[in-house]
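Enquirer: Dropping a prediction and its sequence here:
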Amino acid sequence: MNKPLLKILSASIGITCLISTLFGLAGSTIVGTFWGWFWVSMLLMFIGFAVVNSFLIQRDDAILRQTEMEALDKLSKFTIKLSCSYCQQSNAVPIQLNQRNTFKCDSCNQVNGVSMQFMATSITTPVEGVKLPLETPIEFKVS
Ligand SMILES: [Zn+2]
């Protein structure tokens, strides 16, 4: 365990004991015993700490999830250049893959729809892997 954590831990245990002692002293003057008050107040403080801790952890989780969602949202946005279908003016258009996209032309104010098409392509074979047919010698024309 590192030193600052140990310091914080011992300090909080010390404060908890101190508060419990104070409650014990104050409570025992009204009703019951010092130790009764001491343990009850210590138990209540531990429950309080547990509740606060779980609340903080949940809040941190919520913040983390929100930042993740925002990051995903940013990632799903692309800006591409498209020519207006009315006047052919080039526009920078933000595109999101998970929704229908439209844009208003900067030049003619017409609303364009965006159609996306995806194609599968074969990846170019490395040059070493290409076997040239032996029976057809390559001819170079020199002019
Ligand atoms: Zn236009």
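Expert: Perfect, I can see it now.

Enquirer: The ion contacts on this structure?
Expert: Contacts of the chain with the ion, taken as Cβ under 5 Å from the ion, map to 84, 86, 87, 89, 105, 107, 108. C-beta coordinates here come from the backbone N, C-alpha and C atoms, glycine included.

Enquirer: Measure how far stretch 107-122 is from the centre of its chain, please.
Expert: Remark: stretch 107-122 is offset 29 Å from the chain centroid, using Cα atoms, centre = their mean, to the nearest Å.

Enquirer: Please pick the buried ones from the residues of the chain next to the ion.
Expert: 84, 105 (16 or more other Cβ atoms under 10 Å).

Enquirer: Return the member of the residues of the chain next to the ion nearest to residue 27.
Expert: residue 105 (76.8 Å; Cβ to Cβ).

Enquirer: End to end on stretch 100-116, go ahead and measure it.
Expert: 10 Å (Cα to Cα, to the nearest Å).

Enquirer: for the protein, what spans make up the helices?
Expert: 3-30, 34-75 (DSSP state H).

Enquirer: Any chance of those in CSV with mean neighbour count as columns?
Expert: Shown next, in CSV, are these (neighbours: other Cβ atoms under 10 Å):
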stretch, mean neighbour count
helix 3-30, 12
helix 34-75, 12
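
Enquirer: Confidence-wise, which of those helices is weakest overall?
Expert: Here the lowest mean pLDDT among these goes to helix 3-30, at a mean of 87.

Enquirer: And that one, how far out from the chain middle?
Expert: From the chain centre to the centre of helix 3-30 is a distance of 39 Å (Cα atoms, centre = their mean).

Enquirer: What of stretch 92-112?
Expert: Counting by Cα atoms, centre = their mean, stretch 92-112 is centred 27 Å from the centre of its parent chain.

Enquirer: Averaged pLDDT, it. What do you get?
Expert: Mean predicted confidence for stretch 92-112 is 91.
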